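[1] predicted structure and sequence below. I'll ask about it afterward.
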Amino acid sequence: MVQLNPVTAELFDRLHMVFFRSISALGVEQSMKLAVLATINQIRFPHYTVMRSAGLFATREDVIHFKQLMEIESKMAELCAAPVREVESHKQGWQMYLEHRDAWARHVSSLNKASSNKMAASQGPVGIEYWKRHFTPGYALARIVERGRKFAANLGRFEDEEEILQSLLSQTTYRLGKRGDWYERLALLYNTHLRPKKKNADKEAEIQIRQALQRARDTCIRAINDEHVHRVSLHALSRQLRSIEQKLGIGEESQYESPRALLEWREAPERTVYGVKIRNVSKRGPSTWDGDDGVPCSVETLALWRYKEHGYIGMHSENELVTTLFGLLFWDIIFHPLPGVLDNEYQNRPLDMHS
């Protein structure tokens, strides 16, 4: 067995991240293995024009800090995957968040100051392209804070979770695609966990319930008017708003309306499939059904059996068909050479793909 010098291993780990632009810990994506397999023609990557950039990381210190924070976030992700009943794992993850809470607060404060100062904004994370912010220490901090919110929820620390959500929503520099989810969760907290229960509620409790519902309503309205909230989230937020307004006794003529929320959603046709469900004693995992060949199967396989009876041939592919068609139709756009987004020949997507 050969043990590498930890300093040398850390250096190669950092070089790996800088070259492959991988924000995962070394070994998770196995980029080096992919590069070797591509060299010996065991796997193929798309053909595109590589336009390597040199300014993705502002300084050497940023590279080191970003890598350290992403490794912490990766460890928190492992802890977060533990079942809720494993309280110690979630307590450990919560403690890791607390160690970075003040750093996040200072960073958000600096972002808000920079956004009001055009010169300062042009030099910091606010002033660079959105996808490049994914390689800054601030982005890694935002991911750590997101993990902290999950640990707070699992530990029943709902006041702390509210505070975290408010801090995440107070900035518009990182994780913009998550803002709809954050608003939905915050409204849910006010609607359920952060208000007294109706059972045996006295007059004062009734007032507190109404105040909490009003905060939930205000949160939904704020979300609907947030330009960074995706239209997919607007549908769920609008339904949530209607439910809250009904609880508040607000009539249709006084309910909040917004052009952004007036989306026409075509109802999908429904098909009912019948089958025999096999009892799951452990009550864990997906449901199991009696297949037509006598072999237990998943609900998706059961549906395919029923369609087969009507002469169809199908396959269970989740969303792969849609994503495959998307990739084929927009291939020339996705892999169009732009500075920095196609930085090496071992990418299956540009770096700005999910920005």
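    It's in.
[2] I would like the residues contacting whichever strand or helix holds Gln240, please.
    Element membership for Gln240 (DSSP states H and E) is helix 231-247. Identification of contacts with helix 231-247 by Cβ atoms under 8 Å, 6 or more residues apart in numbering yields 179-181, 183-184, 187-188, 191, 213, 216-217, 220-221, 223-224, 229, 255-256, 260-261, 263, 265. Backbone N, C-alpha and C define where each C-beta goes, glycine included.
[3] give me the buried subset of those.
    Buried members of those, counted by 16 or more other Cβ atoms under 10 Å: 179-181, 183-184, 187, 191, 213, 216-217, 220-221, 223-224, 229, 256, 261.
[4] restricted to helices, list the residues you listed.
    179-181, 183-184, 187, 213, 216-217, 220-221, 223-224 (DSSP state H).
[5] dump the residue contacts of Ser53.
    Applying Cβ under 8 Å, 6+ apart, the residues near Ser53 are 339-340, 343.
[6] among these, who's most crowded?
    Asp343 (20 neighbours; other Cβ atoms under 10 Å).
[7] between the helix holding Gln240 and helix 179-188, how big is the angle?
    10 degrees (axes from the mean of the first three to the mean of the last three Cα atoms, to 10 degrees).
[8] please export the C-alpha coordinates of helix 231-247 as PDB.
    Only the C-alpha atoms of helix 231-247 are listed here, as PDB (Å, rounded to 0.1, in the frame of the first residue of the first chain):
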ATOM      1  CA  ARG A 231     -43.000  30.400 -13.700                       C
ATOM      2  CA  VAL A 232     -43.100  26.700 -12.800                       C
ATOM      3  CA  SER A 233     -43.100  27.800  -9.100                       C
ATOM      4  CA  LEU A 234     -45.800  30.400  -9.700                       C
ATOM      5  CA  HIS A 235     -48.500  27.700 -10.200                       C
ATOM      6  CA  ALA A 236     -47.800  26.100  -6.800                       C
ATOM      7  CA  LEU A 237     -47.500  29.500  -5.100                       C
ATOM      8  CA  SER A 238     -50.800  30.700  -6.500                       C
ATOM      9  CA  ARG A 239     -52.600  27.500  -5.300                       C
ATOM     10  CA  GLN A 240     -51.000  28.000  -1.900                       C
ATOM     11  CA  LEU A 241     -52.100  31.600  -1.800                       C
ATOM     12  CA  ARG A 242     -55.700  30.700  -2.600                       C
ATOM     13  CA  SER A 243     -55.700  28.100   0.200                       C
ATOM     14  CA  ILE A 244     -54.400  30.700   2.700                       C
ATOM     15  CA  GLU A 245     -56.900  33.300   1.600                       C
ATOM     16  CA  GLN A 246     -59.700  30.900   2.100                       C
ATOM     17  CA  LYS A 247     -58.500  30.200   5.700                       C
END
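[9] check which residues of that helix are buried.
    By neighbour count on 16+ other Cβ under 10 Å, the buried set for helix 231-247 is 233-234, 236-238, 240-242, 244-245.
[10] that older thread, from the contacts of Ser53, which is closest to Tyr312?
    Asp343 (44.1 Å; Cβ to Cβ).
[11] follow-up on the earlier one: take the ones in helices among the buried ones among the contacts of helix 231-247 and write them to a markdown table, including distance to Ile40 and pLDDT.
    Formatted as a markdown table, these follow (distance: Cβ to Cβ, whole Å; pLDDT from 0 to 100):
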| residue | distance to Ile40 | pLDDT |
| --- | --- | --- |
| Arg179 | 44 | 97 |
| Gly180 | 44 | 96 |
| Asp181 | 42 | 97 |
| Tyr183 | 49 | 98 |
| Glu184 | 47 | 97 |
| Ala187 | 53 | 97 |
| Leu213 | 63 | 95 |
| Ala216 | 58 | 97 |
| Arg217 | 60 | 97 |
| Cys220 | 55 | 96 |
| Ile221 | 58 | 96 |
| Ala223 | 51 | 97 |
| Ile224 | 53 | 95 |
